[in-house]
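Trainee: Turn this into a structure:
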Amino acid sequence: MHSTVVVRPVQAEDYAAWRPLWDGYNGFYGRFGATALPEHITQTTWQRLLDPAEPVFCLVAHDKQSGEMLGLAHYVFHRSLTRIEPVCYLSDLFTREAARGRGVGRALIDAVVGAARAAKSTRVYWQTHESNAAGRLLYDKLAQHHGFIVYAREL
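Mentor: Just a heads-up that it's a prediction; the model follows:
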């Protein structure tokens, strides 16, 4: 069903359709209710996604026939100390639950890879939670898991 999915850059008028996907993504990772992101973070994120001076980007997937927005991908380009070319970090990937299994995630990842190639990047990477079994089934088909464990320290 990949052929009915259209991926394109987000536009300012997409906010009303983007927001439930953003909230769904955050909810998937436990950021809802009392632990939800503060509203100013969501608003700043949205403004950054639209600002051409920012290195962060958003692609959205929608159904070609209905126009319904089905998923999003946020990515950022950054320098690396082991490569000359920029690398691309796929920061957020989310597909509306009712649209899962229709090729939306694959279409979004393919589009991010295309954007990375166009930017002369030589690597796209991402992370997910170990409990994201459905996502990992797809990711294992599209990329190589290098075995790294992520550590984070809040400041």
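
Trainee: low pLDDT regions in this protein?
Mentor: Across the chain, residues meeting the criterion (pLDDT under 70) sit at 1-2.

Trainee: please redo it, this time with the cut-off set to 80
Mentor: 1-3, 132-133, 137-140, 149-154 (pLDDT under 80).

Trainee: can you pull up the bridge partners for the spatially most central residue of it?
Mentor: Most central in the chain under Cα atoms, centre = their mean is A73, positioned 2.4 Å from the mean C-alpha point. Using DSSP bridges, the beta-bridge partners of A73 come out as L59, L93.

Trainee: Thought T95 was touching it, still the case?
Mentor: No: in this structure, A73 is not within contact of T95 by Cβ atoms under 8 Å, at 9.6 Å. The way it works is simple: take the backbone N, C-alpha and C, and place the C-beta from them, glycine included.

Trainee: residues bridging contact with those two, i.e. touching both?
Mentor: 61, 108 (Cβ atoms under 8 Å, 6 or more residues apart in numbering).
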